[in-house]
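In: no sequence for this one, just the structure:
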Ligand SMILES: [Zn+2]
């Protein structure tokens, strides 16, 4: 299992290297931001994009209702719920629906992101970017899993927030493997049937 993972990681890193040589290629993931999502700033998009770029994933940002990608890339919709009910998924900063039929979407609970930013002393756009990257990665990995380290941890610790204030939390090796496994499947057209599994 470990050897398999290492081989997968090596393959993913080769893919990363290959992509860097071809920066003009079509995006791997297109993120559609719902109209009226005012809090979603350029800085958050830029940081989230650079976090994915470090893992060899090209992200494009659009506004409005998600449309299928003719090139076979993953399409994700993001909306903001500015003030969800207090007892709705308490503690969660966002929720992803990786298996939803038709639209694979993310809802960000923006008041909680703001409160977390204030409490941790981390700039809001940095927290927003990490929340987006975390949830988009759930959609990309297509299984409900978390990692022991990095941006895919189930809960970020005080130390994680301190790190986040300076430099983005990285992906764990296994996350890069999972992400590229999905992207490879999408490119080969083999992911469509499993992607919508409930
Ligand atoms: Zn999660």
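Out: Cool, the structure landed. Bear in mind that the values here come from a model prediction, so they are computed numbers and not experimental data.

In: Could you grab the helix/strand/coil label for the nearest residue in space to residue 72 that is not next to it in sequence?
Out: Once flanking residues are discounted, residue 72 sits nearest to residue 186: 5.3 Å by Cβ to Cβ, 6 or more residues apart in numbering. Glycine gets a C-beta too; all of them are placed from N, C-alpha and C. Following DSSP: H, G, I helix; E, B strand; the rest coil, residue 186 is assigned to helix.

In: can you count the residues close to residue 186?
Out: 20 (other Cβ atoms under 10 Å).

In: Can you tell me how far it is from residue 33?
Out: The gap separating residue 186 from residue 33 is 21 Å, by Cβ to Cβ, to the nearest Å.

In: Output the lowest mean pLDDT helix or strand found in the chain.
Out: helix 192-195 (a mean of 42; mean pLDDT, DSSP states H and E).

In: Could you look up the SS state of residue 32?
Out: Counting by three-state DSSP, the backbone at residue 32 sits in strand.

In: Can you list the buried residues in the helix or strand encompassing residue 132?
Out: Per DSSP states H and E: residue 132 is located in helix 124-141. Residues of helix 124-141 classed as buried: 124-141 (neighbour count, 16 or more other Cβ atoms under 10 Å).
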